[in-house]
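Engineer: output the structure for:
(chains A, B, C and D)
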2 protein chains.
Amino acid sequence: MSRPPHARESVLDAFEAILISDGERSATMDATARAAGVSKGGLLYHFGSKDALEAGVLERLGALVDLDIEKITTAEEGAVSYFLRSSVMQNDPLDRVIIATSRLAQGGSAAASAALREIRVRWEDALRPHVKDATALDLVMLVSDGLYFNNALQGGSIPGPVPSGAELDALIVMVESATLR
Amino acid sequence: MSRPPHARESVLDAFEAILISDGERSATMDATARAAGVSKGGLLYHFGSKDALEAGVLERLGALVDLDIEKITTAEEGAVSYFLRSSVMQNDPLDRVIIATSRLAQGGSAAASAALREIRVRWEDALRPHVKDATALDLVMLVSDGLYFNNALQGGSIPGPVPSGAELDALIVMVESATLR
DNA sequence: GTCTATATACAGATAGAC
DNA sequence: GTCTATCTGTATATAGAC
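Structural biologist: Below you'll find the predicted structure:
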């Protein structure tokens, strides 16, 4: 992979962006091609089918989760704090691909649903050593799911109910005091 | 409304059921008509457009949330406990219509997204007097969102990561001890 | 009220030129 | 590698018979 195909990546970027801002119904091959600045035929040279395009998103997801798991286990502020804080960040490449994947899952893609369940298991495995028991792990995971869910719901620019700043800090303190070993 | 039109309700039931089990992409007017045992033309007599069908779901949602808010504020086990426990129940008419609505929202329906945000605000208003501060309210809402999110993700029969039974009881105790005033 | 038949639009995908 | 043109399937919606 000395010179990754630029067009392929920009097609994936465009697909992801439409999924995030306009939803799964709008993320057609036609719209993706237009947003990426290629024709439908051009897109289909890089991704032979819609399934292949979705697989490209899932592949990107896997790679970014690998990096994230590493960051969780080594975070100075603590695994739980880092995990929750990163559950709300916007425009982070990982957040973007997760939201895009959850759109695909809601649209009916079984592969996307399976991928989301799989990364949830990987996160649980990474966090388990840092919390006091199984209930604490449930709590941390559900708060994170809630944060992502709200991010995923609010289309484009609607200000959602996701806490940020000092509100987020206070939430993290509360969760930590209930869950840390 | 002395005698509500039966066909209308069974069409809504069918639409809801397909949304829940097969996702938004599969919930076409054709599939809905077939599942409800009427023809496409028959369906379109009751609901003149797909938008009208979605509006029917949203109307049902509003009515069921009215009842739920009443139950939350009067629950013997406490508002927070009742709220979290009811966030995981399956086949409850309210749960069903919420999951159906979240499917519509993810499919791109702005009205469905707005309806979900609105009921979230109503729940917050109902719970606020029962928790110690704004952070506690965030925590309860996010755990509930997480429970619903996981319910919504898992298609039909896939056993998901949603806690139940004793695991759910322990989770509720943990959240209550962190949030009750 | 419910049906069949059909119009219209657009999705995903193929063929082949350049 | 990227394009245009086209095929096929399917979704929403309309028209009008019964």
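
Engineer: tell me which element the residue nearest the centre of chain A falls in.
Structural biologist: Centroid-nearest residue in chain A, with Cα atoms, centre = their mean: A:Ile98, separated by 1.7 Å. If you go by DSSP states H and E, A:Ile98 is part of helix A:93-106.

Engineer: same for the helix or strand following that helix, what does it pack against?
Structural biologist: Per DSSP H and E, the first helix or strand lying C-terminal to helix A:93-106 is helix A:110-127. If contacts are counted by 3 or more Cβ pairs under 8 Å, 6 or more residues apart in numbering or on different chains; DSSP states H and E, helix A:110-127 sits against helix A:50-74, helix A:79-86, helix A:93-106, helix A:134-153, helix B:134-153. Where you see a C-beta, it was placed from the backbone N, CA and C, and this is true even at glycine.

Engineer: that older thread, is the helix holding A:Ile98 in proximity to chain B?
Structural biologist: Yes: if you take Cβ under 8 Å from any Cβ of the partner chain as the test, helix A:93-106 does meet chain B, through A:Ser102, A:Arg103, A:Ala105, A:Gln106.

Engineer: list the contacts for the residue nearest to the centre of chain A?
Structural biologist: Going by Cβ atoms under 8 Å, 6 or more residues apart in numbering or on different chains, A:Ile98 touches A:Leu61, A:Leu116, A:Ile119, A:Tyr148.

Engineer: quick check: the farthest pair among those residues?
Structural biologist: A:Leu61 and A:Tyr148 (13.0 Å; Cβ to Cβ).

Engineer: how far away is A:Asp22 from A:Arg103?
Structural biologist: Note on A:Asp22: its distance to A:Arg103, by Cβ to Cβ, to the nearest Å, is 9 Å.

Engineer: also A:Pro129?
Structural biologist: Plainly put, A:Pro129 is 32 Å away from A:Arg103 if you go by Cβ to Cβ.

Engineer: more crowded one of those two?
Structural biologist: The neighbour comparison of A:Pro129 against A:Arg103 (other Cβ atoms under 10 Å in any protein chain shown) goes to A:Arg103, with 26 against 9.

Engineer: the more buried one contacts A:Ile18, doesn't it?
Structural biologist: No: between A:Arg103 and A:Ile18 there is no contact under Cβ atoms under 8 Å: 9.4 Å.

Engineer: what's the closest non-adjacent residue to A:Arg128?
Structural biologist: In this structure, A:Arg128 finds its nearest non-sequential neighbour in A:Leu137, 5.9 Å apart by Cβ to Cβ, 6 or more residues apart in numbering or on different chains.

Engineer: what sits against the one you found?
Structural biologist: Residues in contact with A:Leu137 (Cβ under 8 Å, 6+ apart) are A:Glu124, A:Leu127, A:Arg128, A:Val131, A:Thr179.

Engineer: count the neighbours of the last one for me.
Structural biologist: Going back to what we said before, that points to A:Thr179. Look at A:Thr179: counted by other Cβ under 10 Å, it has 22 neighbours.

Engineer: and it, what does it touch?
Structural biologist: A:Val80, A:Val131, A:Lys132, A:Ala136, A:Leu137, A:Leu139, A:Val140, B:Met174 are the contacts of A:Thr179 under Cβ under 8 Å, 6+ apart.

Engineer: mind checking how far the host helix or strand of the last one is from the chain centre?
Structural biologist: By that I understand B:Met174. According to DSSP H and E, B:Met174 maps onto helix B:165-179. Helix B:165-179 sits 22 Å away from the centroid of its parent chain (Cα atoms, centre = their mean, to the nearest Å).

Engineer: can you mark which positions in it are buried?
Structural biologist: B:Leu168, B:Ala170, B:Leu171, B:Ile172, B:Met174, B:Val175, B:Glu176, B:Ala178, B:Thr179 (16 or more other Cβ atoms under 10 Å in any protein chain shown).

Engineer: list the contacts of A:Leu84.
Structural biologist: So A:Leu84 contacts A:Val140, A:Val143, A:Ser144, A:Leu147, A:Leu168, A:Leu171, A:Ile172, A:Val175 (Cβ under 8 Å, 6+ apart).

Engineer: and chain B, which of the residues you listed contact it?
Structural biologist: Applying Cβ under 8 Å from any Cβ to these, one finds that A:Val143, A:Ser144, A:Leu147, A:Leu171, A:Val175 fall near chain B.

Engineer: hmm, the last one is touching B:Leu139, no?
Structural biologist: Yep, that's A:Val175 we're talking about. Yes: in this structure, A:Val175 is within contact of B:Leu139 by Cβ under 8 Å, at 6.9 Å.
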